[in-house]
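Asks: the following comprises the amino acid sequence and a computationally predicted model.
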Amino acid sequence: MATSGTPPAIPDRFELMLDQSATAAICAGADNLILSWNAAAEAMFGHSREEALGRPLTIIIPPAVRAAHEAGLARAVKYGASRLAGHAVEIMALHADGHELPVDLSLSLWKEGGSIVFGALIRDVTDRRATMNRLEHLAHCDTLTTLPNRAALSARLEANIEQGPCSLLMLDLDGFKHVNDSLGHSAGDRLLVRVAQRLVKVTRGADEFVARLGGDEFALLVTQCDDMFRIDNLASAIKKALSLPFEIGGQSVFIGTSIGIAMSPHNAATADTLLARADLALYSAKSSGGGTRCFFMPSMQNRSEQRLRLSNELRQAFTAREFELWYQPQLSLPDHGLLGVEALLRWRHPRHGLLAPNAFLDVLSESPIAEEVGEWILDEACAAVARWKRQGLGTIRVGVNLFPAQLRTERLYDVVADAIARHQLRPSQLEVEITENTVLRFNEPSTAALRRLKEQGVGIAFDDFGTGFASLSMLQQFPLTRLKIDRSFIAEIHDRPGDAEIVRSLLCMANSFDLEVIAEGVETAEQEQVLRDIGCVAAQGFRYGKPMDAGSIAAFLRRRGDAGLVEAG
């Protein structure tokens with residue numbers, strides 16, 4: 001649209017300031033004609049100042065959205081306000097050579113000489129968009145086999161289960177551990193790639209979706225099918241294909257396959273239930289010796305009953321004070337200075353001895369005592385930090401993992417703040433950690449609590465990052481301070497350039513969000529060197545120290561005392 005009258009002039013002081021800005025700055029009048037165009041805009045859009053001044057703003061608007069742009073401009077002129085003003089939005093813009101580029105636009109609206117003027121600060125986010133797209137892809141793709149991962153399977157299952165019958169087959173490779181132990185992890189990885197290729201070849205129908213769930217576990221979703229005979233024939237074809245030898249490193253490798261099967265709607269009406277029941281069927285197939293396939297039966301629900309018994313035993317263990325906190329150091333890669341420690345839960349079982357978390361943590365996190373145990377862990381960790389300070393061992397930062405139950409309560413802020421105050425810590429001495437699965441269960445009160453804690457100086461770490469969670473928008477939505485890169489990306493980082501490139505992308509993305517990064521599971525000098533080379537500055541893992549009990553970590557800190565500790569805060 002166009003209006004009559006003399007276009008408003010942009011004051012010289014603003015012109016000078018904008019021309020020296022590294023951010024593209026454009027001003028236009030109510031008639032949609034460009035009034036100001038700085039050097040950064042010239043570089044971004046390919047139009048010189050002389051070419052741009054006096055021309056309509058549509059020279060940088062892609063044709064597909066010009067009508068919407070003009071309608072929005074007309075509304076803003078009519079009402080003297082724009083819904084975009086004061087907000088940063090990502091849109092597509094048009095370059096002089098015809099290609100489109102993603103930009104981040106901040107719009108302002110004011111009056112000069114009685115006429116409306118629009119001002120826009122624009123940043124090219126092509127690199128950020130490329131990184132985001134790559135990470136979104138990685139979030140739903142298994143990097144080793146290139147198959148869809150667990151998150152992608154869940155999404156597909158959610159989308160299909162209400163549209164008609166479907167069947168889910170979960171596969172586990174029998175004898176895979178022996179291949180890893182005898183030929184090495186590199187051979188094991190090559191075997192997994194070959195298995196993925198055979199599965200795709202066997203199941204190349206349009207209604208069949210193959211995914212790798214992790215480790216040596218795969219899944220196959222067959223949509224629009226609950227025909228037991230067809231599924232049984234498919235399971236037999238899979239077993240036959242995988243029973244043929246694999247040539248790995250000049251050797252013939254043989255493996256077996258266990259398959260668990262559940263069908264909807266006969267066995268389950270929801271995606272989560274179907275996944276759980278296919279997993280129960282797989283467990284039954286493995287328990288019977290492997291090399292077979294099992295359809296889900298209600299009697300398999302006994303496994304859930306076993307989890308209930310473990311939950312009850314955990315309650316007794318907590319009452320009997322059988323839980324302990326162990327600590328693993330976190331170091332700076334440039335100088336190996338101490339950055340802090342992570343508190344890790346252990347269970348000293350009266351019959352089975354010291355148990356690591358993988359033996360009980362899944363059940364504990366869903367048990368009725370999870371919140372109470374989480375508060376004990378928090379208090380115990382803070383007490384240890386205060387004790388080390390009194391013993392002259394330095395001002396240490398400690399990381400504490402939160403259970404989902406702690407994030408569902410409205411007490412989170414008070415519990416954390418009280419622990420800090422009770423043990424007279426600086427807020428910066430505490431870092432709370434949340435996992436990808438936990439973050440999906442966030443509610444608004446817990447988000448607000450974490451935001452308040454961050455404002456007080458408490459660190460908020462995102463644990464096991466990169467293992468396939470739903471949306472990168474979580475990084476913007478929640479008040480994080482640090483990403484912990486999952487050990488699965490570190491294990492072969494010195495041998496697999498793809499893993500190094502993934503970590504490099506994660507570091508780039510973290511930097512764009514102003515987040516610190518620490519790599520987990522570092523065990524060798526080769527892994528550390530790759531991390532140094534790509535710019536990672538913090539790590540934890542066996543290379544720097546295994547988890548230690550309270551007495552051992554105190555001795556560790558005392559030995560490091562002469563070197564000087566890196567203090568938190």
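Replies: On my side now, so go ahead. If you're wondering where the values come from, they're calculated on a predicted model, not measured in any experiment. Residues are numbered from 1 along each chain as shown.

Asks: quick one: contacts for the nearest residue to residue 359 once chain neighbours are set aside?
Replies: Once flanking residues are discounted, residue 359 sits nearest to residue 347: 7.3 Å by CB to CB, 6 or more residues apart in numbering. The C-beta positions use only the backbone N, C-alpha and C, and glycine is treated the same way. By CB atoms under 8 Å, 6 or more residues apart in numbering, the residues touching residue 347 are 314, 317, 322, 323, 324, 354, 355, 359, 360.

Asks: PyMOL command to pick out the buried ones of these?
Replies: Of the contacts of residue 347, the buried ones can be selected in PyMOL as follows, counting by 16 or more other CB atoms under 10 Å:
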select buried, resi 314+317+322+323+355+360
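
Asks: so what touches the longest helix seen in the chain?
Replies: Assignment by DSSP state H gives helix 370-390 as the longest helix of the chain. Here helix 370-390 makes contact (CB under 8 Å, 6+ apart) with 318, 323, 325, 327, 343, 345, 364, 394-398, 400-406, 409, 415-416, 419-420, 422-425, 429-430, 432, 550, 554, 557.

Asks: CA atoms only: put that helix into PDB for me.
Replies: C-alpha atoms of helix 370-390 as PDB (Å, rounded to 0.1, in the frame of the first residue of the first chain):
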ATOM      1  CA  ALA A 370      11.300 -41.200  45.000                       C
ATOM      2  CA  GLU A 371      10.700 -37.600  46.200                       C
ATOM      3  CA  GLU A 372      11.800 -38.400  49.700                       C
ATOM      4  CA  VAL A 373      15.000 -40.200  48.500                       C
ATOM      5  CA  GLY A 374      15.700 -37.300  46.200                       C
ATOM      6  CA  GLU A 375      15.500 -34.800  49.100                       C
ATOM      7  CA  TRP A 376      17.800 -37.000  51.100                       C
ATOM      8  CA  ILE A 377      20.400 -37.100  48.300                       C
ATOM      9  CA  LEU A 378      20.200 -33.300  48.000                       C
ATOM     10  CA  ASP A 379      20.700 -32.800  51.700                       C
ATOM     11  CA  GLU A 380      23.500 -35.400  52.000                       C
ATOM     12  CA  ALA A 381      25.400 -33.900  49.000                       C
ATOM     13  CA  CYS A 382      25.100 -30.400  50.500                       C
ATOM     14  CA  ALA A 383      26.200 -31.600  53.900                       C
ATOM     15  CA  ALA A 384      29.300 -33.300  52.200                       C
ATOM     16  CA  VAL A 385      30.300 -30.000  50.500                       C
ATOM     17  CA  ALA A 386      30.000 -28.100  53.700                       C
ATOM     18  CA  ARG A 387      32.100 -30.700  55.500                       C
ATOM     19  CA  TRP A 388      34.800 -30.500  52.900                       C
ATOM     20  CA  LYS A 389      34.900 -26.700  53.300                       C
ATOM     21  CA  ARG A 390      35.300 -27.100  57.100                       C
END
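
Asks: CA-only coordinates of the helix or strand following that helix in PDB, if you can.
Replies: Going down the chain from helix 370-390, the next helix or strand is strand 398-401, by DSSP states H and E. Extracted in PDB, the C-alpha atoms of strand 398-401 (Å, rounded to 0.1, in the frame of the first residue of the first chain):
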ATOM      1  CA  VAL A 398      28.400 -30.700  43.500                       C
ATOM      2  CA  GLY A 399      25.900 -32.000  40.900                       C
ATOM      3  CA  VAL A 400      22.800 -33.700  42.100                       C
ATOM      4  CA  ASN A 401      20.300 -35.600  39.900                       C
END
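
Asks: and strand 398-401, average pLDDT?
Replies: Mean pLDDT, computed over strand 398-401, is 96.

Asks: quick one: list the elements packing against the helix or strand harbouring residue 34.
Replies: Assessed by DSSP H and E, residue 34 sits inside strand 34-37. Contacts defined by 3 or more CB pairs under 8 Å, 6 or more residues apart in numbering; DSSP states H and E place strand 34-37 against helix 12-19, strand 24-29, helix 49-52.

Asks: switch the cut-off to 10 Å
Replies: helix 12-19, strand 24-29, helix 49-52, strand 115-124 (3 or more CB pairs under 10 Å, 6 or more residues apart in numbering; DSSP states H and E).

Asks: out of the ones you listed, deepest packed?
Replies: strand 24-29 (a mean of 22; mean count of other CB atoms under 10 Å).

Asks: sorry, back to before: just the buried members of the contacts of helix 370-390?
Replies: Buried residues within the contacts of helix 370-390, defined by neighbour count using 16+ other CB under 10 Å: 318, 323, 325, 327, 343, 345, 364, 394-398, 400-406, 409, 415-416, 419-420, 423, 425, 429-430, 432, 550, 554, 557.

Asks: can I assume residue 219 sits in a strand?
Replies: Yes - assessed with DSSP: H, G, I helix; E, B strand; the rest coil, residue 219 lies in a strand.

Asks: who's in contact with it?
Replies: Residues near residue 219 by CB atoms under 10 Å, 6 or more residues apart in numbering: 147-150, 153-154, 157, 168-171, 199, 209-213, 260, 275, 278-279, 282.

Asks: on that earlier part again, just the ones in helices from the contacts of residue 347, please.
Replies: Within those, residues falling in helices by DSSP H are 314, 317.
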